[in-house]
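Novice: I need the structure of the sequence given here:
(2 chains)
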Protein chains: 2
Amino acid sequence: MTNLRASTPPYYAVIFSSQLRPVDGDDYAKTAEHMEALAKTMPGYLGIESARGEGGFGITISYWESEEAIANWKKQVEHRKAQQRGRNDWYENYDVHVAKVERAYSMKKAR
Amino acid sequence: MTNLRASTPPYYAVIFSSQLRPVDGDDYAKTAEHMEALAKTMPGYLGIESARGEGGFGITISYWESEEAIANWKKQVEHRKAQQRGRNDWYENYDVHVAKVERAYSMKKAR
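Specialist: The predicted structure follows:
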């Protein structure tokens, strides 16, 4: 989550929901890991969170300071190549929602 | 996803990201399933999607027509009880982001 809990809305979320095709090799996992590391270096990055279940359906949400930061990340050269491989090779389908976070709260269990 | 792909932004997303505690019994799973079925009966409901990985970290996103629909769902009696059990028994921590979806697009592989 990185800087996210220290951030105050409004900021932006890119919700990426995807169904993976059955994948052979660890090409996908390596690229996903690299993209996450790369996103963290981009201006306006606030945080990322990701979950994928056994059936291959997953959700990744990246959080950004502004629409401009999102546009900048979307056109980053390595990320563009990964997006193309995603469409061609890895995903059965996906949905993207770009949303403006208006409020946020959290719970953390006392120990 | 239900009606979601037929909907045009703006609409709202409630992003619920949670770390489960190690859970014994299927109490949690049953309640989660029931809450999803219940959400679908609420006014202004547009869709839901959910993924949880092996480590117990998961993301559930519900989509709604309006802030009013979200407030109405949040205070639904059975849902309130489930929220309380979540805080007390099931979750190590969670984050909630309420966001206004400004645009959406999707890809579906031709066969």
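
Novice: just the strands in chain A please.
Specialist: Assigned by DSSP state E, chain A shows strands spanning A:11-20, A:45-52, A:57-64, A:91-108.

Novice: Compare these and give me the one nearest B:V101.
Specialist: Shortest distance between B:V101 and the strands of chain A, using CB to CB, is found for strand A:91-108: 4.4 Å. C-betas here are computed from N, CA, C, even on glycine.

Novice: Buried residues of that closest one, list them for me.
Specialist: A:91, A:94-95, A:97-101, A:104 (16 or more other CB atoms under 10 Å in any protein chain shown).

Novice: Nearest to B:A37 among the residues you listed?
Specialist: Closest to B:A37, out of all of the buried residues of strand A:91-108 and judged by CB to CB, is A:D95, at 21.7 Å.

Novice: who's in contact with the closest one?
Specialist: By CB atoms under 8 Å, 6 or more residues apart in numbering or on different chains, the contact list for A:D95 reads A:15-18, B:1, B:4-5, B:104-106.

Novice: Buried by neighbour count, from those residues: which ones?
Specialist: By neighbour count, with 16+ other CB under 10 Å, the contacts of A:D95 hold A:15-18, B:4, B:104 as buried.

Novice: Turn those into CSV, including pLDDT.
Specialist: Supplementary listing: the buried ones among the contacts of A:D95 in CSV, determined by pLDDT from 0 to 100:
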residue, pLDDT
A:I15, 98
A:F16, 98
A:S17, 97
A:S18, 97
B:L4, 87
B:A104, 96
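
Novice: can you tell me the residue of chain A closest to chain B?
Specialist: At 3.6 Å from chain B, A:A99 is the closest residue in chain A, using CB to the nearest CB.

Novice: now the closest residue in space to that residue that isn't next to it in sequence, which residues is it bridged with?
Specialist: Using CB to CB, 6 or more residues apart in numbering or on different chains and skipping the chain neighbours, the partner closest in space to A:A99 is B:A99 (3.6 Å). Listed beta-bridge partners, B:A99: A:V101, B:A13 (assigned using DSSP bridges).
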